[in-house]
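# just the structure for this:
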Amino acid sequence: MTQLMHSIFCHYKPYVCLIFLLLPALSVLADDPVWVSKVGSRDFNIAQQQFVANNYGALGDGITLNTNSLQQAIDACAEAGGGTVVLKPGKYLTGAIFLKSGVCLQLDEGVEILGSQELKDYPIIDTRVAGIEMKWPAALVNIIGQKKASITGKGIINGQGKPFWDAYWSLRKEYEPKGLRWIVDYDAQRPRTLLVDNCEDIVIKELTFQEAGFWTVHLLYSSYITVDGVVIRNNTKGIGPSTDGIDIDSSSWILVKNADIDCNDDNFCIKSGRDWDGLRVNRPTEYVLITDCISRRGGGLITFGSETSGGMRHIIARNLKAQGTKVGMRFKSARNRGGVVEDIYLENIQMDSVDVAFEVTPNWNPSYSYSELPDGYDSNTIPQHWKKMLEPVVPERKGIPTFQHIHIAGIQVKYAKKALFVDGLEERPLEKFHLVDVSINAKDAGSIKHARNWQIENVHIQTPENESVQQTNTANIKL
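Next up, the predicted model:
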């Protein structure tokens with residue numbers, strides 16, 4: 001810099017800085033916000049003593065039901081001030097077990113937990129499922145209302161979920177002709193594999209999960225949770241409906257890293273409640289970092305919704321890969337969900353052979369999203385969770401979801417079927433989306449509807465016919 005230029009810069013420096021502060025941010029985060037360093041479990045120690053579950057009667061023969069023996073070992077460990085519960089190599093059939101504060105359940109290589117295929121082995125608890133608080137079977141492994149606990153090791157937790165999948169499809173076949181698609185998922189009670197509910201400082205590390213009956217890892221109403229190095233394989237015995245990978249549900253200060261997920265619904269999913277009941281609870285998911293992960297088969301590499309009622313904010317997902325996943329980056333909700341999804345950063349993501357690279361649908365899956373009681377049913381005698389689903393959102397405008405301040409940068413996509421599917425709402429067009437350094441190779445460029453004022457820099461969509469993205473009711477979106 002010459003002396004003259006230096007003098008000019010110094011003289012006008014306050015004004016130059018102000019101009020740059022007012023310019024829209026088009027690039028990725030130059031530095032992590034302070035909150036990123038605080039996600040995940042805080043340091044805690046597990047007592048050195050060890051409890052061998054086999055000494056409490058556990059048998060790894062794959063036949064004996066070990067629910068009581070495993071729970072006795074966990075309880076004894078907790079009552080003694082904490083420690084580690086281990087098992088000798090083998091296959092351990094069990095119903096629902098409940099981990100306690102100060103206890104590490106360590107499943108070493110050669111140890112496989114087999115979930116009971118009898119629903120009676122999963123006691124009914126108060127919980128939240130798919131955005132609605134209701135009574136539902138406990139998970140295979142439960143950590144509820146606990147602190148400073150962990151479940152780790154190179155072992156396997158196999159939900160053996162196929163009978164629950166079959167029961168779901170049977171009920172859906174019965175319900176759909178009656179106009180009851182909206183309640184099938186709630187009536188077909190299927191156990192989750194791992195539930196962390198109302199907990200703090202929990203570590204889930206290195207385990208392999210297989211064949212979930214329903215969702216695999218559900219983090220609910222919890223804070224300071226680390227999920228590190230887990231492998232999820234839910235498609236080895238067929239296609240299990242709604243076998244989500246990791247669901248982060250109205251929780252905060254969450255770290256998910258080094259995960260490898262093959263499932264049959266959303267791989268990594270952010271949730272915060274559904275419709276009237278979710279708006280009543282009104283608890284957001286916030287301060288979440290998902291990093292260095294891979295998705296294979298599944299509904300969405302990273303999905304926000306469709307349960308958006310409590311809102312979502314301060315979320316970073318980066319250094320991710322999708323291989324053969326249905327959708328890459330996915331935002332979905334409905335007109336009766338409500339909630340604000342904002343301050344989301346999706347960075348450095350690679351996709352190969354996905355169906356859709358980027359999808360936004362605030363009016364998603366109407367037959368599932370909107371509840372209406374068919375003729376012939378008495379509203380006074382239907383189950384309580386039906387009543388919650390049928391409760392209207394008043395005023396209606398409270399049910400309209402908002403997606404804003406969505407930042408997408410450093411995206412590389414090859415062999416996609418469709419680049420974009422963006423279908424906003426006429427009454428609330430999609431605004432404040434920021435796309436930087438995005439390259440998509442796809443068969444179909446896709447479409448954008450009901451959106452405006454997107455900030456776009458260095459975005460390239462290549463198709464065999466070099467067609468443009470179809471735009472309907474848009475303004476100031478230049479691709």
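
# doesn't residue 279 fall inside a strand?
No - counting by DSSP: H, G, I helix; E, B strand; the rest coil, residue 279 falls outside a strand, being helix.

# SS state for the closest residue to it other than its chain neighbours?
Closest residue to residue 279 apart from its sequence neighbours, by CB to CB, 6 or more residues apart in numbering: residue 309 at 4.8 Å. (Glycine included, C-beta is placed from N, CA and C.) Of the three states, residue 309 takes coil under three-state DSSP.

# burial count for residue 309?
Residue 309 has 32 neighbouring residues, counting by other CB atoms under 10 Å.

# and for residue 384?
Close neighbours of residue 384, defined as other CB under 10 Å, add up to 11.

# find the nearest non-adjacent residue to it, please.
residue 134 (7.1 Å).

# can you pull out the low-pLDDT segments for the stretch 1-150 of the chain?
Applying pLDDT under 70 to the stretch 1-150 of the chain flags the ranges 1-30.

# distance between the ends of stretch 188-195?
Start-to-end span of stretch 188-195 (CA to CA, to the nearest Å) is 18 Å.

# pLDDT score for the residue nearest the centre of the chain?
Nearest residue to the geometric centre of the chain (CA atoms, centre = their mean): residue 269, 1.8 Å. What the model reports for residue 269 is a pLDDT of 98.

# packing partners of the helix or strand that contains it?
Per DSSP states H and E: residue 269 is located in strand 266-271. In terms of contacts (3 or more CB pairs under 8 Å, 6 or more residues apart in numbering; DSSP states H and E), strand 266-271 is packed against strand 246-249, strand 285-295, strand 300-304, strand 312-323.

# mind running it again at 10 Å?
strand 217-220, strand 246-249, strand 260-262, strand 285-295, strand 300-304, strand 312-323, strand 327-332 (3 or more CB pairs under 10 Å, 6 or more residues apart in numbering; DSSP states H and E).

# in this protein, which strand has the most residues?
In the chain, taking DSSP state E as the definition, the longest strand is strand 402-423.

# for that one, what is the distance to the chain centroid?
18 Å (CA atoms, centre = their mean, to the nearest Å).

# what comes up buried for the very next helix or strand once past that strand?
Following strand 402-423 in sequence order, the next helix or strand is strand 433-452 (DSSP H and E). If you call a residue buried by 16 or more other CB atoms under 10 Å, then strand 433-452 has these buried ones: 433-438, 440-442, 444-452.

# just checking, what packs against strand 433-452?
Using 3+ CB pairs under 10 Å, 6+ apart: strand 433-452 touches strand 340-352, strand 356-361, strand 402-423, strand 455-462, strand 470-475.

# now with 7 Å, please.
Judged by 3 or more CB pairs under 7 Å, 6 or more residues apart in numbering; DSSP states H and E, strand 433-452 is in contact with strand 402-423, strand 455-462, strand 470-475.

# do you know which of the ones you listed lies nearest residue 334?
In terms of CB to CB, the element of those nearest to residue 334 is strand 402-423, at 12.3 Å.

# parallel or antiparallel, which strands does that closest one pair with?
The sheet places strand 402-423 alongside strand 340-352 (parallel), strand 356-361 (parallel), strand 433-452 (parallel), with pairing taken from DSSP bridges.

# out of those, flag the one nearest residue 195.
Nearest to residue 195, of all these, is strand 340-352, at 24.1 Å by CB to CB.

# including distance to residue 373, mean pLDDT and mean neighbour count, could the helices and strands packed on strand 266-271 go into CSV?
Output for these, formatted as CSV (distance: least, CB to CB, whole Å; pLDDT from 0 to 100; neighbours: other CB atoms under 10 Å):
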stretch, distance to residue 373, mean pLDDT, mean neighbour count
strand 217-220, 28, 98, 26
strand 246-249, 27, 98, 26
strand 260-262, 36, 98, 22
strand 285-295, 30, 98, 23
strand 300-304, 29, 98, 28
strand 312-323, 30, 98, 21
strand 327-332, 24, 98, 27
